[in-house]
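Enquirer: Compute the structure for the input listed below.
(one chain, ligands or ions: 1)
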Amino acid sequence: MNLIMLGPPGSGKGTQAVRLAKELNVTHLSTGDVLREAVKQGTELGKKAEGFMSRGELVPDDLIIGLIEAKVEGKELTKGFILDGFPRTVPQADSLDEMLTKHSMSISKAILLDVGDETIITRLKKRAEIEGRADDTEDVIRRRLEVYREQTQPIVQFYKSKSVLAKVQGEDTPDNVFTAVRNAAK
Ligand code: ADP
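Expert: Numbers count the residues shown, from 1 in each chain. Here you go, the predicted model:
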């Protein structure tokens, strides 16, 4: 079972990906978590990524593709995976496809969480109060939504054309969304 969680920031990708990975006993990989940890540790990757992240911009493709490639080559994803936050651009989606094909793997489903802008802004502002994430201020949230629309939305079509896209209504309680996500993953 190789899954991708798609959706705007604040759509609940992380929450659902963690639960689903547990239930299916597959590896959960959040590029946002990996990057935040790299920033915290002050690694080379972290230093390069920090500025982009705090502005709500995407980290350059080559950095993030290299990171995923290392996981694929290192056989860290062989028991099945849920990717959360990757791919986020068409070149990332193309590269992922190439990497997987090379290892005789493929995407089973790309699950798109459908959530409107107003809900997203409300949720992210609330998360800012609770978690204090540096990129959850209103200006940066708006920029991240813009970036999502410009750079990430096009990959929805990419997975649709491969007939693996499953759309899930994300404006519901986490439990109800999880039921829908689990069904969509089948
Ligand atoms: P969210 O989905 O709430 O925007 P994430 O935790 O997935 O947050 O990502 C936080 C930030 O990390 C992004 O705004 C971006 O700067 C960077 N990032 C995460 N994944 C990628 C990716 N695949 N490509 C480029 N940048 C990424």
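
Enquirer: any chance you could map the strands in the chain?
Expert: For the chain, the strands defined by DSSP state E occupy 2-6, 27-30, 81-84, 109-114, 165-169.

Enquirer: what's in contact with the longest one?
Expert: Where contact means C-beta atoms under 8 Å, 6 or more residues apart in numbering, the residues beyond strand 109-114 that reach it are 3-7, 11-13, 16, 156, 159, 164-171, 177, 181, 184-185. For the C-beta atoms, the positions are set from N, CA and C on the backbone; glycine is no exception.

Enquirer: Any buried residues in it, and which?
Expert: By neighbour count with 16 or more other C-beta atoms under 10 Å, strand 109-114 contains the buried residues K109, A110, I111, L112, L113.

Enquirer: So which of these is the closest to G51?
Expert: L113 (27.8 Å; C-beta to C-beta).

Enquirer: Identify all residues paired with the closest one through a beta bridge.
Expert: V168 (DSSP bridges).

Enquirer: how near is the closest residue to the ligand within the chain to L67?
Expert: Closest residue of the chain to the ligand, C-beta to the nearest ligand atom: G32 (1.9 Å). According to C-beta to C-beta, to the nearest Å, G32 stands 12 Å off from L67.

Enquirer: so what's the residue of the chain closest to the ligand up against?
Expert: With the criterion set at C-beta under 8 Å, 6+ apart, G32 makes contact with G14, D84, G85.
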